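In: Mind looking at a prediction? Sequence and model below.
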Amino acid sequence: MSAQGTLPAARRSRAALTVAVAAVAVIAASVFAYYSGVRAGAVHELLAATPSEARRIAFVREEPCAAGVCQTLWMGTSREDAAQVGALSPGRERCEGVYWAKDGYRVGFLINGYQLRVFDAATGKSVTQVNLFEPDATPTSRIARGITFSQNGAAVTFDDCPRHTSGCKSGMAAVR
């Protein structure tokens, strides 16, 4: 007597599926590594600002260096003619804002959230460096925000804010 009936379908090889998934994973990892390397190895602009009444620009560039990641401060009438006016200590200093006087005469770079480094826009020379408040640690638990130069550039007003919560208070500092 012969046995008749339906036979179960032949199993598709799981090996082919495993190979396809592995190939897709390798391609995805390669693409991610390539773009991560390009971004990490490139010089890029971190912050930039322009004054409201003058044709100038100030910006911060960040790039890999022997000590890790280095930031440099730049100023000019355009990105093309900008000159480096300062460099920050890698691992210890970080620029967190760029602020212009309304007339474009002075620019301030906010370092570590509390220190303002002020430069003359015409010469690119450092004018002063002032702590807007005393730091309590590095990084500080507070940060200066909304820095505004006075009309004659001799003082700045700012908001002294907790870094991770609300509750800012007003502050003022002389910069000459």
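Out: Yep, it's here. Numbers count the residues shown, from 1 in each chain.

In: make it CA atoms for all contacts and neighbour counts henceforth
Out: Fine.

In: Show me the helices in the protein, by range?
Out: 14-41 (DSSP state H).

In: tell me which helix or strand of it sits lowest on mean pLDDT?
Out: Least confident helix or strand of the chain, by mean pLDDT, DSSP states H and E, is helix 14-41 with a mean of 63.

In: and the gap between residue 42 and residue 70?
Out: 12 Å (C-alpha to C-alpha, to the nearest Å).

In: what's around the nearest residue to residue 55 once chain neighbours are set aside, how many residues?
Out: Distances taken as C-alpha to C-alpha, 6 or more residues apart in numbering put residue 77 closest to residue 55, at 5.8 Å, once the chain neighbours are dropped. Other residues near residue 77 number 16, with proximity taken as other C-alpha atoms under 10 Å.

In: residue contacts, residue 77?
Out: 55, 56, 57 (C-alpha atoms under 8 Å, 6 or more residues apart in numbering).

In: Can you select the buried ones among these for me in ChimeraX?
Out: Typed into ChimeraX, the line below selects the buried ones among the contacts of residue 77, using 16 or more other C-alpha atoms under 10 Å:
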select :56,57
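
In: And the strands in the protein?
Out: Assigned by DSSP state E, the chain shows strands spanning 44-49, 57-65, 68-76, 83-87, 95-100, 106-111, 115-120, 126-131, 142-149, 155-162, 169-174.

In: Just checking the distance from the last one to the centre of its chain.
Out: When C-alpha coordinates are averaged (C-alpha atoms, centre = their mean, to the nearest Å), strand 169-174 and its chain have centres 24 Å apart.

In: Other residues contacting that strand?
Out: In contact with strand 169-174 (C-alpha under 8 Å, 6+ apart) are residues 132, 154, 155, 156, 157, 158, 159, 160, 161.

In: Scan those residues and report the most crowded one.
Out: Ranked by the number of neighbours (other C-alpha under 10 Å), the contacts of strand 169-174 place residue 132 first, at 24 neighbours.

In: tell me the contacts of the spatially closest residue to that residue that is not a sequence neighbour?
Out: Nearest non-adjacent residue to residue 132, counting by C-alpha to C-alpha, 6+ apart: residue 114, 5.4 Å away. Going by C-alpha under 8 Å, 6+ apart, residue 114 touches 131, 132, 133, 134, 135, 140, 142, 143, 144.

In: Phi first, then psi, for residue 114.
Out: phi -140, psi -20 (degrees, to the nearest 10).
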